[in-house]
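[1] Fold the following.
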Amino acid sequence: MAILMVYDKDNTHTDPGKDRRGCYKRGYVVEVLDDGKPLVVPPAPPFLFVRVIGMPKQDALIYQGMEYGIPDTGGRVSVTRRRAFRLELENLPAENQSELAKNRYTEISWGQLRSRLKNISTGLKE
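    Now for the predicted structure:
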């Protein structure tokens, strides 16, 4: 199973491009950890741990990936957004929101979490 280390704060920058490319936002998956990895619970703010039951680490790695733009004529591809996906923490079940508020840690099944992961560009949910 995978453990998602999720950012719980909106960082900002005055330059909109730098804000989009370089600033972590609330709900971004910062790192995906193996289930057997020792954790310090509760994690220090602004981080949260979400253990996803039924999802191996390899399948979860996509959610920490950056969003890339279309290659330019020189073949270079630029980062357009810090992360391509966002976990909608505000839409988690009340029980999970309560656990996150209390312990900064929760466990949720992949089936429950799936509809709360949103592709930021397209607006589509998993």
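
[2] Give me the most central residue, the chain.
    The chain has residue 29 as the residue nearest its centroid, 2.3 Å off, counting by Cα atoms, centre = their mean.

[3] bridging residues for that one?
    Residue 29 has the following beta-bridge partners by DSSP bridges: residue 6.

[4] so it touches residue 87, yeah?
    Yes. Counting by Cβ atoms under 8 Å, residue 29 sits close enough to residue 87 to count as a contact (6.4 Å). Heads up, the C-betas are built off the backbone N, CA and C, glycines and all.

[5] List of residues touching the helix of greatest length in the chain?
    Across the chain, the longest stretch assigned as helix under DSSP state H is helix 94-103. Under the criterion Cβ atoms under 8 Å, 6 or more residues apart in numbering, residues 8, 41-42, 48, 50, 89-90, 92, 105-108, 112 lie in contact with helix 94-103.

[6] Ramachandran angles for residue 86?
    Main-chain torsions, residue 86, degrees, to the nearest 10: phi -130, psi 130.

[7] Understood, closing this out.
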